[in-house]
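A.B. asks: turn this into a model:
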Amino acid sequence: MYFNDLMMNKNYLFYPIYYTLMSIIVFMLSIDHHLIKWLFFEVFSLIFISYMNYSSKNKMNSLIYFTISSFFSMLLLYIILNNFYQDFKLIITLPYDKKFSFISLLIQLILMMKMGMFPFHNWMIYMYASMSWKNIYIFSTLNKFISIYLMYSFTQMNWFLMLMIAINAVYSAILAMKEVSIKKIMGFSSMNQTSLLIMMAYMDFVETTIYYIVYLFNSCNLYHFFDRFNITTKINLINMFNYNSFKIIYIIFTISFSMLPLTSFFFMKWFMFQNMVFENYNLMIFLFILSISNVLMLWNYLNLLNYQLTPNKVSKIYKFINKKLMKSYYLYIFLSIIFNFSTIVMMFF
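C.D. replies: Residues are numbered from 1 along each chain as shown. Next comes the predicted model:
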(Lines give C-alpha, C1' and ligand atoms only; values in the text may rest on other atoms or scores of the structure.)
Protein backbone atom coordinates (compact mmCIF):
# COMPACT_ATOMS: atom_id res chain seq x y z
CA MET A 1 0.00 0.00 0.00
CA TYR A 2 2.79 2.38 0.93
CA PHE A 3 4.65 1.48 -2.26
CA ASN A 4 1.53 2.10 -4.35
CA ASP A 5 1.06 5.51 -2.76
CA LEU A 6 4.64 6.41 -3.59
CA MET A 7 4.27 5.27 -7.16
CA MET A 8 1.13 7.33 -7.56
CA ASN A 9 3.17 10.40 -6.78
CA LYS A 10 4.96 10.98 -10.07
CA ASN A 11 7.34 13.48 -8.52
CA TYR A 12 8.76 10.70 -6.36
CA LEU A 13 10.59 9.11 -9.27
CA PHE A 14 12.21 12.28 -10.58
CA TYR A 15 15.22 12.38 -8.26
CA PRO A 16 16.17 8.68 -8.55
CA ILE A 17 15.89 8.95 -12.34
CA TYR A 18 17.83 12.21 -12.40
CA TYR A 19 20.74 10.90 -10.33
CA THR A 20 20.80 7.68 -12.32
CA LEU A 21 21.14 9.64 -15.56
CA MET A 22 23.85 11.79 -14.01
CA SER A 23 25.74 8.63 -13.02
CA ILE A 24 25.55 7.34 -16.59
CA ILE A 25 27.13 10.57 -17.85
CA VAL A 26 29.94 10.30 -15.30
CA PHE A 27 30.63 6.71 -16.36
CA MET A 28 30.66 7.72 -20.03
CA LEU A 29 33.25 10.43 -19.41
CA SER A 30 35.60 7.84 -17.92
CA ILE A 31 35.33 5.33 -20.79
CA ASP A 32 37.31 5.37 -24.04
CA HIS A 33 35.66 2.48 -25.87
CA HIS A 34 33.21 3.77 -28.48
CA LEU A 35 30.88 0.79 -28.35
CA ILE A 36 30.53 1.07 -24.55
CA LYS A 37 29.81 4.78 -24.95
CA TRP A 38 27.03 3.94 -27.39
CA LEU A 39 25.66 1.35 -24.95
CA PHE A 40 25.54 3.86 -22.09
CA PHE A 41 23.93 6.37 -24.42
CA GLU A 42 21.14 3.91 -25.22
CA VAL A 43 20.62 3.01 -21.56
CA PHE A 44 20.32 6.73 -20.88
CA SER A 45 17.72 7.12 -23.66
CA LEU A 46 15.66 4.12 -22.53
CA ILE A 47 15.54 5.34 -18.92
CA PHE A 48 14.52 8.82 -20.02
CA ILE A 49 11.86 7.51 -22.43
CA SER A 50 10.44 5.27 -19.70
CA TYR A 51 10.25 8.16 -17.26
CA MET A 52 8.72 10.41 -19.90
CA ASN A 53 6.07 7.78 -20.68
CA TYR A 54 5.27 7.25 -16.99
CA SER A 55 5.18 10.87 -15.88
CA SER A 56 3.03 12.25 -18.68
CA LYS A 57 -0.51 11.54 -19.81
CA ASN A 58 0.49 12.44 -23.35
CA LYS A 59 2.13 9.25 -24.63
CA MET A 60 2.80 10.74 -28.06
CA ASN A 61 5.97 12.48 -26.85
CA SER A 62 7.60 9.29 -25.64
CA LEU A 63 6.54 7.50 -28.85
CA ILE A 64 8.04 10.22 -31.06
CA TYR A 65 11.31 10.31 -29.16
CA PHE A 66 11.52 6.50 -29.02
CA THR A 67 11.03 6.23 -32.80
CA ILE A 68 13.62 8.89 -33.61
CA SER A 69 16.12 7.69 -31.02
CA SER A 70 15.91 4.00 -31.94
CA PHE A 71 16.23 4.55 -35.69
CA PHE A 72 19.25 6.83 -35.52
CA SER A 73 20.85 4.78 -32.76
CA MET A 74 20.80 1.77 -35.07
CA LEU A 75 22.56 3.82 -37.74
CA LEU A 76 25.17 4.91 -35.23
CA LEU A 77 25.68 1.33 -34.05
CA TYR A 78 26.09 0.15 -37.64
CA ILE A 79 28.83 2.71 -38.21
CA ILE A 80 30.66 1.76 -35.01
CA LEU A 81 30.49 -1.98 -35.65
CA ASN A 82 31.83 -1.54 -39.17
CA ASN A 83 34.80 0.34 -37.73
CA PHE A 84 34.38 3.32 -40.06
CA TYR A 85 35.55 5.91 -37.56
CA GLN A 86 39.32 5.40 -37.77
CA ASP A 87 40.02 8.93 -39.04
CA PHE A 88 37.18 10.76 -37.34
CA LYS A 89 39.22 12.49 -34.71
CA LEU A 90 41.65 15.21 -35.75
CA ILE A 91 44.03 16.90 -33.32
CA ILE A 92 42.18 19.59 -31.40
CA THR A 93 44.82 22.18 -32.35
CA LEU A 94 43.78 21.74 -35.99
CA PRO A 95 39.98 21.77 -35.75
CA TYR A 96 39.49 23.53 -39.08
CA ASP A 97 41.55 21.26 -41.31
CA LYS A 98 40.18 20.82 -44.83
CA LYS A 99 40.06 17.04 -44.44
CA PHE A 100 36.50 15.88 -44.62
CA SER A 101 34.98 12.52 -43.83
CA PHE A 102 31.58 11.45 -45.10
CA ILE A 103 31.15 9.14 -42.12
CA SER A 104 32.02 12.00 -39.79
CA LEU A 105 29.34 14.10 -41.47
CA LEU A 106 26.83 11.26 -41.14
CA ILE A 107 27.46 10.88 -37.41
CA GLN A 108 27.12 14.62 -36.92
CA LEU A 109 23.76 14.59 -38.71
CA ILE A 110 22.59 11.66 -36.58
CA LEU A 111 23.47 13.40 -33.33
CA MET A 112 22.06 16.72 -34.55
CA MET A 113 18.80 14.91 -35.21
CA LYS A 114 18.77 13.41 -31.72
CA MET A 115 19.47 16.83 -30.16
CA GLY A 116 16.79 18.58 -32.19
CA MET A 117 19.11 21.03 -33.96
CA PHE A 118 18.22 22.87 -37.15
CA PRO A 119 16.82 21.65 -39.52
CA PHE A 120 15.61 18.70 -37.41
CA HIS A 121 14.04 20.80 -34.65
CA ASN A 122 10.30 20.59 -35.35
CA TRP A 123 9.73 17.36 -33.45
CA MET A 124 11.58 18.71 -30.40
CA ILE A 125 9.58 21.97 -30.26
CA TYR A 126 6.38 19.96 -30.65
CA MET A 127 7.38 17.81 -27.67
CA TYR A 128 8.36 20.80 -25.54
CA ALA A 129 4.88 22.29 -25.85
CA SER A 130 3.29 19.33 -24.04
CA MET A 131 6.15 18.09 -21.83
CA SER A 132 6.37 18.74 -18.11
CA TRP A 133 9.03 21.14 -16.86
CA LYS A 134 10.92 18.23 -15.28
CA ASN A 135 11.11 16.40 -18.60
CA ILE A 136 12.12 19.62 -20.36
CA TYR A 137 14.89 20.10 -17.82
CA ILE A 138 16.32 16.61 -18.37
CA PHE A 139 16.05 16.87 -22.15
CA SER A 140 17.60 20.36 -22.29
CA THR A 141 20.56 19.56 -20.05
CA LEU A 142 21.53 15.91 -19.54
CA ASN A 143 20.33 14.61 -22.90
CA LYS A 144 22.02 17.43 -24.83
CA PHE A 145 25.34 17.05 -23.03
CA ILE A 146 25.63 13.32 -23.65
CA SER A 147 24.95 13.83 -27.39
CA ILE A 148 27.50 16.65 -27.60
CA TYR A 149 30.07 14.47 -25.86
CA LEU A 150 29.55 11.69 -28.42
CA MET A 151 29.88 14.18 -31.27
CA TYR A 152 33.10 15.50 -29.75
CA SER A 153 34.44 11.96 -29.23
CA PHE A 154 33.57 10.54 -32.66
CA THR A 155 34.07 13.41 -35.11
CA GLN A 156 36.20 16.43 -35.95
CA MET A 157 35.18 20.01 -36.50
CA ASN A 158 34.54 20.94 -40.14
CA TRP A 159 33.06 23.84 -42.04
CA PHE A 160 29.73 22.08 -42.53
CA LEU A 161 29.28 21.67 -38.77
CA MET A 162 30.29 25.31 -38.20
CA LEU A 163 27.69 26.41 -40.75
CA MET A 164 24.98 24.34 -39.06
CA ILE A 165 25.98 25.71 -35.64
CA ALA A 166 25.67 29.30 -36.90
CA ILE A 167 22.33 28.72 -38.63
CA ASN A 168 20.97 26.87 -35.59
CA ALA A 169 21.98 29.71 -33.25
CA VAL A 170 20.44 32.52 -35.33
CA TYR A 171 17.36 30.57 -36.44
CA SER A 172 16.41 29.53 -32.89
CA ALA A 173 16.80 33.08 -31.57
CA ILE A 174 14.58 34.51 -34.33
CA LEU A 175 11.84 31.88 -33.93
CA ALA A 176 11.71 32.44 -30.17
CA MET A 177 10.66 36.07 -30.72
CA LYS A 178 7.20 35.23 -32.01
CA GLU A 179 6.37 32.59 -29.39
CA VAL A 180 3.95 33.10 -26.50
CA SER A 181 4.54 29.68 -24.96
CA ILE A 182 7.44 29.82 -22.50
CA LYS A 183 8.04 26.10 -22.99
CA LYS A 184 8.69 26.68 -26.70
CA ILE A 185 10.88 29.68 -25.90
CA MET A 186 12.95 27.48 -23.59
CA GLY A 187 13.12 24.93 -26.41
CA PHE A 188 14.60 27.51 -28.78
CA SER A 189 16.87 28.68 -25.95
CA SER A 190 18.10 25.10 -25.60
CA MET A 191 18.85 25.01 -29.33
CA ASN A 192 20.84 28.23 -28.99
CA GLN A 193 22.79 26.88 -26.02
CA THR A 194 23.53 23.70 -27.97
CA SER A 195 25.42 25.71 -30.59
CA LEU A 196 27.62 27.31 -27.92
CA LEU A 197 28.25 23.99 -26.17
CA ILE A 198 29.29 22.23 -29.38
CA MET A 199 31.66 25.03 -30.33
CA MET A 200 33.19 25.11 -26.85
CA ALA A 201 33.57 21.31 -26.77
CA TYR A 202 35.86 21.27 -29.81
CA MET A 203 38.00 24.06 -28.35
CA ASP A 204 38.32 23.05 -24.70
CA PHE A 205 36.22 20.22 -23.32
CA VAL A 206 37.22 20.92 -19.71
CA GLU A 207 35.95 24.49 -20.02
CA THR A 208 32.81 23.12 -21.66
CA THR A 209 32.22 20.83 -18.69
CA ILE A 210 32.46 23.79 -16.30
CA TYR A 211 30.06 25.77 -18.49
CA TYR A 212 27.69 22.81 -18.53
CA ILE A 213 27.69 22.52 -14.72
CA VAL A 214 26.78 26.20 -14.40
CA TYR A 215 24.10 25.78 -17.09
CA LEU A 216 22.76 22.75 -15.23
CA PHE A 217 22.50 24.65 -11.96
CA ASN A 218 20.89 27.79 -13.42
CA SER A 219 18.45 25.76 -15.52
CA CYS A 220 17.43 23.82 -12.43
CA ASN A 221 16.55 27.05 -10.62
CA LEU A 222 14.59 28.57 -13.49
CA TYR A 223 12.71 25.41 -14.53
CA HIS A 224 11.85 24.55 -10.93
CA PHE A 225 10.43 28.05 -10.57
CA PHE A 226 8.27 27.59 -13.69
CA ASP A 227 7.17 24.14 -12.54
CA ARG A 228 6.30 25.24 -9.01
CA PHE A 229 3.94 27.97 -10.22
CA ASN A 230 2.74 26.18 -13.36
CA ILE A 231 3.96 28.88 -15.74
CA THR A 232 3.53 27.93 -19.39
CA THR A 233 2.80 31.20 -21.23
CA LYS A 234 3.82 34.84 -20.97
CA ILE A 235 0.33 35.69 -19.72
CA ASN A 236 0.98 33.58 -16.63
CA LEU A 237 3.87 35.88 -15.75
CA ILE A 238 1.48 38.83 -15.64
CA ASN A 239 -1.27 37.09 -13.74
CA MET A 240 0.80 35.28 -11.17
CA PHE A 241 3.56 37.45 -9.78
CA ASN A 242 2.26 40.73 -8.48
CA TYR A 243 4.11 40.17 -5.24
CA ASN A 244 7.46 41.98 -5.28
CA SER A 245 9.43 39.15 -3.71
CA PHE A 246 8.46 36.78 -6.50
CA LYS A 247 9.44 39.38 -9.07
CA ILE A 248 12.88 39.75 -7.51
CA ILE A 249 13.45 36.00 -7.47
CA TYR A 250 12.30 35.56 -11.06
CA ILE A 251 14.39 38.50 -12.29
CA ILE A 252 17.55 37.13 -10.64
CA PHE A 253 17.02 33.67 -12.15
CA THR A 254 16.38 35.12 -15.61
CA ILE A 255 19.37 37.49 -15.54
CA SER A 256 21.63 34.63 -14.48
CA PHE A 257 20.29 32.54 -17.38
CA SER A 258 20.58 35.28 -20.03
CA MET A 259 24.40 35.69 -19.99
CA LEU A 260 24.38 39.33 -18.92
CA PRO A 261 27.70 40.84 -17.70
CA LEU A 262 29.02 39.83 -14.26
CA THR A 263 27.38 36.42 -14.49
CA SER A 264 29.43 33.26 -14.93
CA PHE A 265 27.71 32.55 -18.27
CA PHE A 266 28.93 35.88 -19.61
CA PHE A 267 32.56 35.27 -18.65
CA MET A 268 32.58 31.78 -20.13
CA LYS A 269 31.09 33.04 -23.38
CA TRP A 270 33.66 35.83 -23.39
CA PHE A 271 36.54 33.34 -23.00
CA MET A 272 35.11 31.19 -25.78
CA PHE A 273 35.01 34.14 -28.19
CA GLN A 274 38.55 35.06 -27.15
CA ASN A 275 39.77 31.53 -27.88
CA MET A 276 38.06 31.61 -31.28
CA VAL A 277 39.92 34.79 -32.23
CA PHE A 278 43.28 33.46 -31.05
CA GLU A 279 42.68 30.09 -32.72
CA ASN A 280 41.90 31.38 -36.18
CA TYR A 281 41.34 34.94 -37.35
CA ASN A 282 39.26 33.61 -40.24
CA LEU A 283 36.53 32.84 -37.71
CA MET A 284 35.66 36.51 -37.23
CA ILE A 285 32.59 36.22 -39.46
CA PHE A 286 31.46 33.14 -37.57
CA LEU A 287 32.07 34.98 -34.30
CA PHE A 288 29.99 37.90 -35.55
CA ILE A 289 27.09 35.57 -36.39
CA LEU A 290 27.20 33.98 -32.94
CA SER A 291 27.26 37.44 -31.36
CA ILE A 292 24.11 38.41 -33.29
CA SER A 293 22.35 35.24 -32.16
CA ASN A 294 23.30 35.96 -28.54
CA VAL A 295 21.93 39.51 -28.78
CA LEU A 296 18.67 38.20 -30.26
CA MET A 297 18.39 35.57 -27.54
CA LEU A 298 19.09 38.20 -24.90
CA TRP A 299 16.16 40.20 -26.28
CA ASN A 300 13.92 37.16 -25.72
CA TYR A 301 15.01 36.85 -22.08
CA LEU A 302 14.54 40.58 -21.48
CA ASN A 303 11.12 40.34 -23.11
CA LEU A 304 10.16 37.77 -20.48
CA LEU A 305 11.30 40.21 -17.82
CA ASN A 306 9.16 42.90 -19.42
CA TYR A 307 6.05 40.86 -18.65
CA GLN A 308 7.08 40.96 -15.01
CA LEU A 309 7.90 44.64 -14.80
CA THR A 310 4.77 45.83 -16.61
CA PRO A 311 1.84 46.41 -14.22
CA ASN A 312 -1.42 44.69 -15.01
CA LYS A 313 -4.64 46.20 -13.72
CA VAL A 314 -6.84 43.20 -14.45
CA SER A 315 -4.62 40.51 -12.97
CA LYS A 316 -5.47 38.72 -9.78
CA ILE A 317 -3.79 39.81 -6.55
CA TYR A 318 -2.49 36.88 -4.59
CA LYS A 319 -2.78 37.81 -0.94
CA PHE A 320 -1.60 34.52 0.46
CA ILE A 321 2.14 34.00 0.26
CA ASN A 322 3.75 30.93 1.67
CA LYS A 323 6.58 32.25 3.84
CA LYS A 324 8.37 28.92 3.92
CA LEU A 325 8.34 28.85 0.14
CA MET A 326 9.78 32.35 0.02
CA LYS A 327 12.57 31.37 2.39
CA SER A 328 13.44 28.39 0.23
CA TYR A 329 13.73 30.57 -2.87
CA TYR A 330 15.86 33.10 -1.04
CA LEU A 331 18.12 30.17 -0.20
CA TYR A 332 18.18 29.26 -3.92
CA ILE A 333 19.25 32.82 -4.73
CA PHE A 334 21.99 32.78 -2.12
CA LEU A 335 23.36 29.45 -3.34
CA SER A 336 23.13 30.61 -6.96
CA ILE A 337 25.15 33.75 -6.22
CA ILE A 338 27.79 31.74 -4.32
CA PHE A 339 27.99 29.16 -7.11
CA ASN A 340 28.31 31.71 -9.91
CA PHE A 341 30.87 33.78 -8.01
CA SER A 342 33.01 30.74 -7.21
CA THR A 343 32.91 29.69 -10.87
CA ILE A 344 34.15 33.11 -11.98
CA VAL A 345 36.98 32.97 -9.42
CA MET A 346 38.00 29.50 -10.65
CA MET A 347 38.12 30.72 -14.23
CA PHE A 348 40.49 33.57 -13.39
CA PHE A 349 42.71 31.63 -10.99
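A.B. asks: do a quick rundown of the helices in the stretch 101-250 of the chain.
C.D. replies: Secondary structure of the stretch 101-250 of the chain, counting by DSSP state H, counting those that start in this stretch: helices at 102-115, 122-130, 133-138, 144-154, 159-177, 182-203, 205-228, 234-240, 244-257.
A.B. asks: residues contacting residue 51?
C.D. replies: 13, 14, 17, 135, 138 (C-beta atoms under 8 Å, 6 or more residues apart in numbering). The way it works is simple: take the backbone N, C-alpha and C, and place the C-beta from them, glycine included.
A.B. asks: now, of the residues you listed, which are buried?
C.D. replies: 13, 14, 17, 135, 138 (16 or more other C-beta atoms under 10 Å).
A.B. asks: now do the helix or strand harbouring the second one: distance to the chain's middle.
C.D. replies: When secondary structure is defined by DSSP states H and E, residue 14 falls within helix 14-29. Offset of helix 14-29 from its chain centre (C-alpha atoms, centre = their mean, to the nearest Å): 16 Å.
A.B. asks: that helix to helix 205-228, inter-axis angle?
C.D. replies: Relative orientation of helix 14-29 and helix 205-228, computed by axes from the mean of the first three to the mean of the last three C-alpha atoms, to 10 degrees: 170 degrees.
A.B. asks: which outside residues touch helix 14-29?
C.D. replies: Residues external to helix 14-29 that are found in contact with it (C-beta under 8 Å, 6+ apart): 37, 40-41, 43-44, 47-48, 51, 55, 134, 138, 142, 145-146, 149.
A.B. asks: of those, which pair is most distant in space?
C.D. replies: Pairwise distances across the contacts of helix 14-29 peak at 26.9 Å for 37 and 55 (criterion: C-beta to C-beta).
A.B. asks: on that earlier part again, could you pick out the one among the contacts of helix 14-29 with the lowest pLDDT?
C.D. replies: Of all those, residue 55 has the smallest pLDDT value, namely 81.
A.B. asks: so where is the chain shaky, pLDDT-wise?
C.D. replies: 1-11, 83-101, 238-250, 253, 258-265, 277, 279-282, 307-349 (pLDDT under 70).
A.B. asks: on that earlier part again, can you list the contacts of residue 51 in JSON lines and add distance to residue 170?
C.D. replies: Shown next, in JSON lines, are the contacts of residue 51 (distance: C-beta to C-beta, whole Å):
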{"residue": "13", "distance to residue 170": "38"}
{"residue": "14", "distance to residue 170": "34"}
{"residue": "17", "distance to residue 170": "34"}
{"residue": "135", "distance to residue 170": "27"}
{"residue": "138", "distance to residue 170": "26"}
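A.B. asks: out of the residues you listed, the closest to residue 285 would be?
C.D. replies: Proximity of those to residue 285 (C-beta to C-beta) peaks at residue 138, which lies at 35.1 Å.
A.B. asks: ok, the residue nearest to the closest one when sequence neighbours are not counted to residue 20 distance?
C.D. replies: Nearest non-adjacent residue to residue 138, counting by C-beta to C-beta, 6 or more residues apart in numbering: residue 48, 6.1 Å away. Distance of residue 48 to residue 20, computed by C-beta to C-beta, to the nearest Å: 10 Å.
A.B. asks: between the two, which one's more packed in?
C.D. replies: More neighbours surround residue 48 than the other of residue 48 and residue 20, with 24 against 14 (other C-beta atoms under 10 Å).
A.B. asks: buried set for the one helix or strand the more buried one maps to?
C.D. replies: Under the criterion of DSSP H and E, residue 48 resides in helix 34-55. By 16+ other C-beta under 10 Å, the buried positions in helix 34-55 come out as 34, 37-38, 40-42, 44-45, 48-49, 51-52, 55.
A.B. asks: residue 164: how many residues sit nearby?
C.D. replies: Using other C-beta under 10 Å: residue 164 sits among 19 other residues.
A.B. asks: identify the residues contacting residue 292.
C.D. replies: Contacts of residue 292 were listed using C-beta under 8 Å, 6+ apart, and they are residue 170.
A.B. asks: please compute how far stretch 125-143 lies from its chain's middle.
C.D. replies: Mean-position distance between stretch 125-143 and its chain equals 9 Å (C-alpha atoms, centre = their mean).
A.B. asks: just the endpoints, please. Distance across that stretch?
C.D. replies: 15 Å (C-alpha to C-alpha, to the nearest Å).
A.B. asks: so which residues make contact with that stretch?
C.D. replies: Residues outside stretch 125-143 that contact it (C-beta under 8 Å, 6+ apart) are 11, 14, 17-18, 21-22, 25, 44-45, 48, 51-52, 55-56, 58, 60-61, 64-65, 115-116, 124, 181, 183-184, 186-188, 190, 193, 212, 215-216, 219-220, 223-224, 226-227.
A.B. asks: I'm done for today, thanks for sticking with me.
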